[in-house]
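A.B. asks: just to be clear, the model below is a prediction. Sequence and coordinates:
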Amino acid sequence: MIRSVVDAYSQLAKRDLRILRIIEAGHRRYEFVPQRLVERWARYRKEEVRDSVRRLHFLGLLRRNLSPYLGWRITAAGYDVLALHTLRMKKKVLKLSPTPIGVGKESVVYAGESPSGFKIAAKFHRGGVSVFRHGEAFKAKISRYEHLGHVYETRLSALAEFYALEKVFEAGGYVPEPLAYNRHVVVMQYVDGVELYRLDAGEFAVIAQDVLETLRVALRLGIVHGDLSPYNIIAGRRAYIIDWPQWVPLGHPVAAAYLRRDLHNMATYFKEKGVNFPVEELLNAVGEGDVYGGERFIELIKTSLL
Ligand SMILES: Nc1ncnc2c1ncn2[C@@H]1O[C@H](COP(=O)(O)OP(=O)(O)OP(=O)(O)O)[C@@H](O)[C@H]1O
Ligand SMILES: [Mg+2]
């Protein structure tokens, strides 16, 4: 078994990657892409195609189906490799750490470096966590590719996270700078620091001010984080809020409940540290002006979800 996407990627030749890409394209029509079609589409000799497919299968990047015909489906690890390859070709990623720095239910995160020497974090989404997956725009998008529903949900997660990071970052909130995304992967600035739940000593009043500022910025944009906790804040030079794919627009029916939970989590945490977190003040700031219902993001789903 392969240890990581980096490990698998390092074992692939150009031809293997081309064939993986051909199978990906074949998924537009087939859940399991027939071997004979891969052989026809690929401009290689049959033996070369079989050799590549065997390696891709061995590395866990393809799943085989034998009946009623021999066919192939790309695994989550296979999509990881395709995304990493694209990000490298686009010069967004130079290299990634050999093993992940974070493995969660819904994602795997690697540290890495950009070609310009910038320290990056690459988050590979595993789950569909965006509320927009229940919306019309997304359902219309995937209606033709039902067998790719989960794949598209992980891409929606990445797109949603990238969108929230970009908006909050541009407006001056403390979040990792978003650098690129491809398929189900988001590349962002690496934040040097410690998650709040692991921090025993620190300037908690200053940290609370940063969190407040970022939440004010997000709320002004109509964005509710939705999973705010001491696990999703990294205290470094400033306190940065991470992990945004499940953000909810303020106009959404669940937004108020999520916001209250987010703020309650923060108030509880900071109270333990002897710092007041002014929940009421934030709640009062909500509802000034138009309430954002996610319209701009929905446009993005229609135009740019791969
Ligand atoms: N930009 C970053 N800089 C440094 N470390 C990061 C960054 N993004 C994520 N990490 C690390 O990876 C871990 C997981 O990231 P994140 O919280 O975004 O996803 P997750 O918790 O796996 O998602 P989920 O909550 O859906 O399971 C973080 O707790 C943190 O340690
Ligand atoms: Mg997290």
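C.D. replies: Yes, it's here. Numbering: from 1, shown residues only. Ligands and ions are numbered 1, 2, ... in the order given.
A.B. asks: Gly117: neighbouring residues, count only.
C.D. replies: Gly117 has 7 neighbours, counted by other CB atoms under 10 Å. Heads up, the C-betas are built off the backbone N, CA and C, glycines and all.
A.B. asks: from Ala257, how far off is it?
C.D. replies: Distance, Gly117 to Ala257, using CB to CB, to the nearest Å: 43 Å.
A.B. asks: what do you get for Gly251?
C.D. replies: Distance from Gly251 to Ala257, by CB to CB: 14 Å.
A.B. asks: and Leu59, what does it touch?
C.D. replies: 2, 8, 11-12, 77 (CB atoms under 8 Å, 6 or more residues apart in numbering).
A.B. asks: from those residues, pick the one nearest Glu31.
C.D. replies: Proximity of the contacts of Leu59 to Glu31 was ranked by CB to CB; the top entry is Ala77 with 17.7 Å.
A.B. asks: other SSEs contacting the helix or strand that contains Ile234?
C.D. replies: Ile234 is part of strand 233-235 when elements are defined by DSSP states H and E. Counting by 3 or more CB pairs under 8 Å, 6 or more residues apart in numbering; DSSP states H and E, the packing neighbours recorded for strand 233-235 are strand 194-195, helix 204-220, strand 239-241.
A.B. asks: quick one: contacts of it?
C.D. replies: Residues from elsewhere that reach strand 233-235 (CB under 8 Å, 6+ apart): 191, 193-196, 199, 202, 207, 211, 239-242.
A.B. asks: from the residues you listed, list just the buried residues.
C.D. replies: Buried members of these, scored by 16 or more other CB atoms under 10 Å, are 191, 193, 195-196, 199, 207, 211, 239-242.
A.B. asks: just send those residues back as a markdown table, with distance to Phe32 and pLDDT too.
C.D. replies: As requested, those are arranged in a markdown table below (distance: CB to CB, whole Å; pLDDT from 0 to 100):
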| residue | distance to Phe32 | pLDDT |
| --- | --- | --- |
| Val191 | 41 | 98 |
| Gly193 | 45 | 97 |
| Glu195 | 41 | 97 |
| Leu196 | 45 | 97 |
| Leu199 | 48 | 96 |
| Ile207 | 50 | 98 |
| Val211 | 47 | 98 |
| Ala239 | 47 | 98 |
| Tyr240 | 42 | 98 |
| Ile241 | 41 | 98 |
| Ile242 | 37 | 98 |
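A.B. asks: tabulate the residues you listed in CSV, adding columns for distance to Tyr163.
C.D. replies: Formatted as CSV, those follow (distance: CB to CB, whole Å):
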residue, distance to Tyr163
Val191, 19
Gly193, 24
Glu195, 23
Leu196, 24
Leu199, 29
Ile207, 26
Val211, 21
Ala239, 22
Tyr240, 17
Ile241, 15
Ile242, 15
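A.B. asks: ok, and of those, which contact ligand 1?
C.D. replies: Applying CB under 6 Å from any ligand atom to these, one finds that 191, 195, 242 fall near ligand 1.
A.B. asks: which stretches of the stretch 1-150 of the chain have low pLDDT?
C.D. replies: 1-2 (pLDDT under 70).
A.B. asks: got the residues of it near ligand 1?
C.D. replies: Proximity of the stretch 1-150 of the chain to ligand 1, by CB under 6 Å from any ligand atom, involves residues 101-102, 104-107, 109, 121, 123, 129.
A.B. asks: got the domain boundaries for this structure?
C.D. replies: Per automatic domain parsing, the structural domains of the chain span 5-77, 86-191, 194-297.
A.B. asks: filter the contacts of Leu59 down to the ones in helices?
C.D. replies: Per DSSP state H, helices hold the following members of those: 8, 77.
A.B. asks: now the helices for the stretch 201-306 of the chain?
C.D. replies: Applying DSSP state H, counting those that start in this stretch to the stretch 201-306 of the chain gives helices spanning 204-220, 255-272, 279-285, 295-304.
A.B. asks: residue contacts, Pro92?
C.D. replies: For the record, residue 92 is Lys, not Pro. 114, 179-180, 182, 187.
A.B. asks: how about a cut-off of 6 Å?
C.D. replies: The contact partners of Lys92, by CB atoms under 6 Å, 6 or more residues apart in numbering, come to 180, 187.
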